[in-house]
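> Any chance you could fold what I've pasted below:
(4 chains)
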There are 2 protein chains.
Amino acid sequence: MREAITLKKIAETLNISISTVSRALKNHPDISIKTRQKVNELATALDYEPNAYAIQLRTNKSNIFGLIVPSVSLFFYDSFISSVEEECRKSGYSLIILQTSDNPETELDSLRLCRQNRVSGIFICLSPETKNIEPFLKLPKQDIPLIFFDKVPDEENTNRVSHADAQAARLAAEVLLEKNKKNILAIFGNADMSITKRRLNSFSEFMHQKGAGIKVTYVNANNAQEANDCTKKYISAKKKPDAIFCMSDEILTGTMKAIQKAGIKIPQEMGILTMSNGFIPGLYHPEVDFVETSGFKLGKLAFTQMMACVNGTKLNQELTVDCTYISGSSL
Amino acid sequence: MREAITLKKIAETLNISISTVSRALKNHPDISIKTRQKVNELATALDYEPNAYAIQLRTNKSNIFGLIVPSVSLFFYDSFISSVEEECRKSGYSLIILQTSDNPETELDSLRLCRQNRVSGIFICLSPETKNIEPFLKLPKQDIPLIFFDKVPDEENTNRVSHADAQAARLAAEVLLEKNKKNILAIFGNADMSITKRRLNSFSEFMHQKGAGIKVTYVNANNAQEANDCTKKYISAKKKPDAIFCMSDEILTGTMKAIQKAGIKIPQEMGILTMSNGFIPGLYHPEVDFVETSGFKLGKLAFTQMMACVNGTKLNQELTVDCTYISGSSL
DNA sequence: ATCGTTTGCGAAACTGTTTGCAGTGGAAAA
DNA sequence: TTTTCCACTGCAAACAGTTTCGCAAACGAT
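Alright, predicted model coming up:
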């Protein structure tokens, strides 16, 4: 094992003191230009890089954020991560990524890892299984900023970023109304998740208020397969729905499978509307209309809020990304 | 800013020395059970976590790997990352993720960050633009294990993991032969990438040897749009191909767009075969046949090779994941 | 009473970097 | 000659944790 290059090694090689080397590398005016040149040359030759651990130990600041997510490779998380990493890089931070597989225990392990690494802040998307969020709420008290994203808890006085779920679901309902749909199958996700509740409540509230004469059937599906199953059931009924609303990409993929298998023509026989970042809707033909919920935008917002916290601003509120309707050819 | 909990703080509170606290927390037999209990209680109450930086500084080992990738949110990378993270977690490592956007400069920045963080090893998928890989080849000389994955360079004496591209492309060609296709449009990726060369060479070699009477048209497409364009061109020709082979998911999405738009029936009018991890092919109806190139498997293999390096075994060879044909309904 | 062993704990060194302070020379000013 | 000043450089402490070494005190055996 070759030892790493340190200030000490450079100092010994040049027969000067460590502090001189340190200052020379930072172009400190105290050090003579001759010495600075010598030091810089040797440092470059040896590929010297300062030891982040020593700096972090000294300053008690880490320049690393932790990002805890159910899975990297699931629908929208990748784009969120991509977006946050990009912002981190711009601001000189790095990102440690931890997956929980929706397991609350693993979530706590990840939290511990973040704490051991003295991260400057944590982004977390809670798993639906997590009931006790106390360990997370403790963090801000220890001056570790915490940003909940996407699946945020209801607790007030926390930093949360999410899509404007209510607005987005309402927008979806408006679009369906405008397109004159009269018999809608609306498929939502896991009934326990607050994101589901908010989307469902807003959607149904709007339909109650303005949707006179419209029949809406509400269903919960926990995954793509369940979405597939219930779509199959409803489209083979006598009175088929004339439109299906899917709350998410995951549900859309299940639903589309059933529709394509049944050979139903879109949009002639049935309309489709989903909520998505647009990638999956764009794969189908015709391209599926969607209310855009962008992981990229959410990531940028989350990072902005994180930086505010790091800089001492205590927001402790929920910020949301507004959603827009992107027209496809499926309605 | 509340100060973090340290051994020192616990020691002062209990009026004992730091070393006693350290030993007590590790259940060192030297320390009396009474003292151990006192210390453990207080540590738990204060949510003490050892400072990873202090440990890493002393031991010069980091328990962190760096993973450098063009983009987190692009086709197969998410599943690779997911897989590597999972393995890291199991082995007590963490993962810093860095995106390069296929920019060689950003690649070098990421490398520097990894070095500053004294990562225990680096996984990297080079961007196609990168011509000079010298900075990366230096790493192993400094005892920083380096694993190239997916888009690996040709250099011998490096650790590489990739799909068995030649075997996979040959398998694809075999399948097309078996299905009795006679006029094949084969769309490959960026002509500069070694992964493209290997797949193309193997595919065409097989066709030359065994594909008597089969017409194969080879095309390169740099992205989904180009794949779409060239598919459109060839399927509107007088003598349509009876099968299209896509080298990757990215190409498949472009190709499928053109096929669906043209209303061509699959598999009756045209067969489709792609190389993929299976997610995207499964979205279409009928589901697209593919030769499986799994990011998950590749991630596991990469991690295995990394651990071998960390443990001092110098492999310096290319390992490959064998690919299998997964039958869909598109051939 | 003396010696050896065990128990329980503390002091100090070590990791790499930064930084305030304290020199050390040499030259110029008095 | 002496004082002052300046340009340059080194010393040492601090960050948090681990580890080595060794010191006391207590206890039993001789």
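
> which stretches of chain A form helices?
Per DSSP state H, chain A carries helices over the ranges A:7-14, A:18-25, A:33-45, A:52-59, A:77-90, A:104-116, A:134-141, A:165-178, A:194-210, A:224-235, A:249-262, A:295-310.

> And the residue of the stretch 51-200 of chain A closest to DNA strand D?
residue A:58 (3.6 Å; Cβ to the nearest atom of the strand). For the C-beta atoms, the positions are set from N, CA and C on the backbone; glycine is no exception.

> Neighbours of that residue, how many?
Using other Cβ atoms under 10 Å in any protein chain shown, residue A:58 has 10 neighbouring residues.

> May I have the predicted confidence score for it?
Looking at residue A:58, its pLDDT stands at 88.

> what about it, distance to DNA strand C?
4 Å (Cβ to the nearest atom of the strand, to the nearest Å).

> How about the residues of the stretch 51-200 of chain A by chain B?
A:51-54, A:56-57, A:60, A:62, A:64, A:71-73, A:77-79, A:81-82, A:85-86, A:89, A:94-99, A:101, A:106, A:109, A:112-113, A:115-118, A:138, A:141-143 (Cβ under 8 Å from any Cβ of the partner chain).

> Any regions of the stretch 151-300 of chain A where pLDDT drops low?
Scanning the stretch 151-300 of chain A for pLDDT under 70 picks out no residues.

> and chain A, which residues reach DNA strand C?
Contact residues (Cβ under 7 Å from any atom of the strand) of chain A with DNA strand C: A:3-4, A:6-8, A:18-19, A:22-23, A:25-26, A:48, A:50-51, A:53-55, A:57-58.

> Weed out the non-buried ones from these.
Applying 16 or more other Cβ atoms under 10 Å in any protein chain shown to the residues of chain A next to DNA strand C, the neighbour count classes A:4, A:6-7, A:22-23, A:25, A:48, A:50-51, A:53-54, A:57 as buried.

> So for those, which is the shakiest by pLDDT?
Scoring those by pLDDT puts residue A:4 last, at 79.

> what sits against it?
By Cβ atoms under 8 Å, 6 or more residues apart in numbering or on different chains, the contact list for residue A:4 reads A:51, B:60, B:118, B:142.

> Select from the residues you listed the one having the most neighbours.
Highest neighbour count within those, by other Cβ under 10 Å: residue A:51, with 21 neighbours.

> What pLDDT is listed against the closest residue to that residue other than its chain neighbours?
Among residues not flanking residue A:51 along the chain, residue B:118 sits closest, at 6.3 Å (Cβ to Cβ, 6 or more residues apart in numbering or on different chains). Predicted confidence (pLDDT) at residue B:118: the value is 90.

> I'd say residue B:118 and residue B:60 touch.
Yes: using Cβ atoms under 8 Å, residue B:118 is in contact with residue B:60, at 7.1 Å.

> just checking, residue A:140 touches residue A:146?
Yes: between residue A:140 and residue A:146 there is a contact under Cβ under 8 Å: 5.7 Å.

> Need the overlap of contacts for the two.
residue A:158.

> if you count what's nearby, which of the two comes out ahead?
Neighbours per residue (other Cβ under 10 Å) separate residue A:140 from residue A:146, with residue A:146 holding more: 22 against 17.

> For the more buried one, give the beta-bridge partners.
residue A:122 (DSSP bridges).

> pLDDT score for it?
In this model, residue A:146 is scored at 94, pLDDT.

> So which bits of chain A are right by DNA strand D?
A:15-20, A:23, A:29-35, A:54, A:57-58, A:60.

> from the stretch 151-300 of chain A, which residue is nearest to DNA strand C?
As assessed by Cβ to the nearest atom of the strand, DNA strand C sits closest to residue A:159 within the stretch 151-300 of chain A, at 29.9 Å.

> domains in chain A, as residue ranges please.
Chain A is divided into the following domains under automatic domain parsing: A:7-50, A:63-163+A:296-321, A:165-293.

> dump the residue contacts of residue A:309.
A:121, A:145, A:147, A:159, A:315.

> most surrounded residue in these?
Busiest of the contacts of residue A:309 [other Cβ under 10 Å] is residue A:147, holding 27 neighbours.

> That one and residue A:67, how far apart?
With distances taken as Cβ to Cβ, to the nearest Å, residue A:147 is found 10 Å from residue A:67.

> one step back: tabulate the contacts of residue A:4 in JSON lines, adding columns for distance to residue A:40.
Below are these laid out as JSON lines (distance: Cβ to Cβ, whole Å):
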{"residue": "A:51", "distance to residue A:40": "18"}
{"residue": "B:60", "distance to residue A:40": "24"}
{"residue": "B:118", "distance to residue A:40": "22"}
{"residue": "B:142", "distance to residue A:40": "20"}
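
> The residues you listed in strands, which ones?
Of the positions in the contacts of residue A:4, not one sits in strands, assigned by DSSP state E.

> Out of those residues, which two sit at the greatest distance?
Comparing all pairs in those by Cβ to Cβ, the longest separation belongs to A:51 and B:142, at 13.4 Å.

> Can you give me the neighbour number for the closest residue to residue A:86 other than its chain neighbours?
Distances taken as Cβ to Cβ, 6+ apart put residue B:99 closest to residue A:86, at 6.5 Å, once the chain neighbours are dropped. For residue B:99, the count of nearby residues is 26 (other Cβ under 10 Å).

> now do residue A:68
Other residues within reach of residue A:68, judged by other Cβ under 10 Å, total 24.

> Name whatever forms a beta bridge with it.
residue A:98, residue A:124.

> Surely it is in contact with residue A:130?
No: in this structure, residue A:68 is not within contact of residue A:130 by Cβ under 8 Å, at 10.7 Å.

> Quick check: neighbours shared by these two?
With Cβ under 8 Å, 6+ apart, residue A:68 and residue A:130 have common neighbours residue A:107.

> Could you dump the domains of chain A into JSON lines and include distance to residue B:232?
What follows is the domains of chain A, written out as JSON lines (distance: least, Cβ to Cβ, whole Å):
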{"stretch": "domain A:7-50", "distance to residue B:232": "50"}
{"stretch": "domain A:63-163+A:296-321", "distance to residue B:232": "28"}
{"stretch": "domain A:165-293", "distance to residue B:232": "13"}
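
> Which one of the ones you listed lies nearest to residue B:257?
domain A:165-293 (6.6 Å).

> Wait, residue A:175 touches residue A:326, no?
No: counting by Cβ under 8 Å, residue A:175 stays clear of residue A:326, with 10.3 Å between them.

> Between the two, point out the one with more neighbours.
Legend: neighbour count by other Cβ under 10 Å for residue A:175 and residue A:326, higher for residue A:175 (20 against 15).

> show me the contacts for the more buried one.
Counting by Cβ under 8 Å, 6+ apart, residue A:175 has contacts A:273, A:289, A:291, A:325, A:331.

> That one and chain B, how far apart?
Residue A:175 sits 23 Å away from chain B, going by Cβ to the nearest Cβ, to the nearest Å.

> Just give me the residue closest to the centre of chain A.
In chain A, the centroid-proximal residue (Cα atoms, centre = their mean) is residue A:80; its distance is 3.9 Å.

> Skip the chain neighbours and tell me the closest residue to that residue.
Among residues not flanking residue A:80 along the chain, residue A:295 sits closest, at 4.0 Å (Cβ to Cβ, 6+ apart).

> what's near enough to touch that neighbour?
A:76-80, A:82-83, A:277, B:73.

> neighbours around residue A:61, how many?
12.

> Repeat that for the one 5 residues further on.
Applying other Cβ under 10 Å, we find 24 residues neighbouring residue A:66.

> So it versus DNA strand C, what's the distance?
Applying Cβ to the nearest atom of the strand to residue A:66 and DNA strand C gives a distance of 23 Å.

> pLDDT wise, what is that residue at?
On pLDDT, residue A:66 comes in at 95.

> Surely it and residue A:93 touch.
No: using Cβ under 8 Å, residue A:66 is not in contact with residue A:93; the gap is 10.8 Å.

> interface residues of the stretch 201-331 of chain A facing chain B?
A:253, A:256-257, A:260-261, A:280, A:283-285, A:295.

> Could you work out the most separated pair of these?
Farthest-apart pair in those is A:261 and A:295; separation 28.9 Å (Cβ to Cβ).
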